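Asks: based on what follows, work out the 3D shape:
(4 chains)
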There are 2 protein chains.
Amino acid sequence: MVVYAGQGDPRRSIELLWRGSVTEHRPGPKPGLSVDAIVDAGIAVADEQGLAFSMRAVGERLGHTAMALYTYVPGKNELVDLMYDRTMAELPTSYPLDDGWRPAVTRWAHDMWECYGRHPWVLQVSQARPVLGPHEFAVTEALAAILVSTGLPGRQLRGIVGAINYFVRGAAQTIAEARAAGGATGEADEEWWYARSAVLLEIEPDLAKKFPMLHLLEQDREPVDPSLPYLENDALENFRNGLRVLLDGIEGAVAKP
Amino acid sequence: MVVYAGQGDPRRSIELLWRGSVTEHRPGPKPGLSVDAIVDAGIAVADEQGLAFSMRAVGERLGHTAMALYTYVPGKNELVDLMYDRTMAELPTSYPLDDGWRPAVTRWAHDMWECYGRHPWVLQVSQARPVLGPHEFAVTEALAAILVSTGLPGRQLRGIVGAINYFVRGAAQTIAEARAAGGATGEADEEWWYARSAVLLEIEPDLAKKFPMLHLLEQDREPVDPSLPYLENDALENFRNGLRVLLDGIEGAVAKP
DNA sequence: GTTGATTCTTTATGCCGTAAAGTATCGGAC
DNA sequence: GTCCGATACTTTACGGCATAAAGAATCAAC
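Replies: Prediction:
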């Protein structure tokens, strides 16, 4: 299931996301943890195990129990929100426009793609309800800054920003989850794929005849980067070609009316 | 967390997906259930509760215990695979090309968008590892059939098929999860949104100055369909405008070399 | 009538997030 | 210096989940 962003107390969540340095504290034992440390540990655990990580795992990585985290963070959902926004802090907040908007958007998309590759669990955090954290804002601001330079009206730019986001996210998901699922069962993704399609061909031998267009689509293949495995090659090729088409569409809109 | 497709025994999964009518049975009590009935019940429950539905809920809807399901289906993951493929059966398997590829793709995208709207949980099923069911194949075959008529080479079409899929999926997710999250907390999404952004503006009053381009992007708004709530209006506008840009990009590729 | 395959229920295991209650540690007030 | 109350953290416990294991009921074939 997907973890929805921000179902807890809105004030508490937003304060955690936007907080400055914070909190001198008066009485009581000195804190052995901090929100920052917990968020870092959470990211590390999620990088290994995905969003299905447990609070116990995060606590243990910090030498404490799961319940210790609840002193700093209201619950797992809010922790995921914080992890998400922290991850977005890895990305640049502006891109040079010297060569125009197109190379800048391309770089933005590649940076985003790589960030998703480093932290695949981010793709499982709902993007519908924005986490509304500062770094998420900054990332979108960076893309918006590039696109505003096209001179297109806001109405059209909103659709474009969405399209780029969806595309990068989707393309990244294809590859990230392929890797993750292989890891989950202990199989390499290649093996998984071959096992499935072998069985499929055995049960449904005339697959190519039943779905001729899909079969046609699979023709005309050559490895983009021979050092990469099959599925990643595929994903990379689709990412580049798809992005090119999308950018062509934007170019058309800029050129026209 | 996301439910990954097909982690069980590949042979069993694929047989379930592609099985014909199946199974006379010899001794033992007559089955009170069937795979079909379970899949239907699963879809009904998931439509209400999302992918976090429990096997108990599905069993009870059929007047049985959770464990009864395991006679027919290896586990929850496989059930979700079956539900996914069954849902894809709602979509047309071909589109007329009388007016060319562009209106056909537009209709495909709208049908898909609406199907996601009816069954939002589908958006949470991993799309990385295709479920490899017959109806999923058929849906993609339909899109491929349209796009092959452009005459573009497979290399390029694969990226385009991906881009369209990702875009529709992403756009549908934005709206579907907005609705779902509202339902989860019992708030309407409008209220949720206003509560969050009110707190945000209170804590960070000069938001518009910190992210000027985002602020600029939000200008130039007018409701597409006044009968719809705010967020849905937004999503619909972005869907239409984004799709237009994407199709323009394809048109450019068709016209050019 | 008996055997054995099949359906379904019962029970139990081991996860999960987190509520509640208890313990230890400290700063400030007196 | 002593005590109060807030804070940090642990322990224990609860209800929920998927599903393994074992048992009860049902029927066809011999």
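
Asks: tell me the residues on chain A that lie near DNA strand D, please.
Replies: Within chain A, the residues that sit near DNA strand D (C-beta under 7 Å from any atom of the strand) are A:25-33, A:59, A:64-68, A:70-72. For glycine as for every other residue, the C-beta is placed from the backbone atoms N, C-alpha and C.

Asks: list the buried residues for stretch A:43-55?
Replies: Of all the residues in stretch A:43-55, those buried under the rule 16 or more other C-beta atoms under 10 Å in any protein chain shown are A:43, A:45-47, A:49-51, A:53, A:55.

Asks: near DNA strand C too, which of those?
Replies: Filtering the buried residues of stretch A:43-55 for neighbours of DNA strand C using C-beta under 7 Å from any atom of the strand leaves A:53, A:55.

Asks: next step: the buried residues of stretch A:43-55 restricted to helices.
Replies: If you go by DSSP state H, these have A:43, A:45-47, A:49, A:55 in helices.

Asks: buried subset of the residues of chain A next to DNA strand D?
Replies: Among those, those classed as buried by 16+ other C-beta under 10 Å are A:33, A:59, A:64, A:68, A:72.

Asks: nearest to B:Leu157, of the residues you listed?
Replies: Taking C-beta to C-beta as the measure, B:Leu157 sits nearest to A:Gly59 out of these, at 48.9 Å.

Asks: before we move on, back to that, out of the buried residues of stretch A:43-55, what pair is the most spread apart?
Replies: Longest span within those, C-beta to C-beta: A:Asp47 and A:Met55, 16.3 Å.

Asks: tell me where chain A has helices.
Replies: With DSSP H as the criterion, chain A has helices at A:10-18, A:35-49, A:55-61, A:76-88, A:101-118, A:134-148, A:154-185, A:189-203, A:207-210, A:212-217, A:230-255.

Asks: looking at these, which is nearest to B:Met88?
Replies: Nearest to B:Met88, of these and by C-beta to C-beta, is helix A:212-217 at 13.9 Å.

Asks: from the contact counts, what lies against that closest one?
Replies: helix B:134-148, helix B:154-185 (3 or more C-beta pairs under 8 Å, 6 or more residues apart in numbering or on different chains; DSSP states H and E).

Asks: mean pLDDT for these: which is lowest?
Replies: Lowest mean pLDDT within the helices and strands packed on helix A:212-217: helix B:154-185, a mean of 82.

Asks: that one vs helix B:35-49, what angle?
Replies: With axes from the mean of the first three to the mean of the last three C-alpha atoms, to 10 degrees as the basis, helix B:154-185 and helix B:35-49 are set at 60 degrees to each other.

Asks: returning to what we had before: the helices of chain A: which one's closest to B:Ala208?
Replies: Set against B:Ala208 and scored by C-beta to C-beta, the helices of chain A come closest in helix A:134-148, at 11.2 Å.

Asks: other residues contacting the closest one?
Replies: A:17-18, A:84-89, A:91-95, A:97, A:101, A:104-105, A:108, A:112, A:130, A:157, A:160-161, A:164-165, A:250, B:204, B:210-214, B:216-217 (C-beta atoms under 8 Å, 6 or more residues apart in numbering or on different chains).

Asks: surely A:Leu69 meets A:Leu79?
Replies: Yes - using C-beta atoms under 8 Å, A:Leu69 is in contact with A:Leu79, at 7.2 Å.

Asks: the more surrounded of those two?
Replies: Using other C-beta atoms under 10 Å in any protein chain shown as the criterion, A:Leu69 and A:Leu79 rank with A:Leu79 on top: 26 against 23.

Asks: which non-adjacent residue is nearest the more buried one?
Replies: Leaving out its chain neighbours, the residue that sits closest to A:Leu79 by C-beta to C-beta, 6 or more residues apart in numbering or on different chains is A:Val73, at 4.8 Å.

Asks: for the one you found, which residues are in contact?
Replies: By C-beta under 8 Å, 6+ apart, A:Val73 lies in contact with A:16, A:35, A:38, A:79, A:82.

Asks: my guess is the third one contacts A:Met55, does it?
Replies: No - using C-beta under 8 Å, A:Ile38 makes no contact with A:Met55, being 9.9 Å away.

Asks: common neighbours of the two, please.
Replies: By C-beta under 8 Å, 6+ apart, the residues touching both A:Ile38 and A:Met55 are A:69, A:79.
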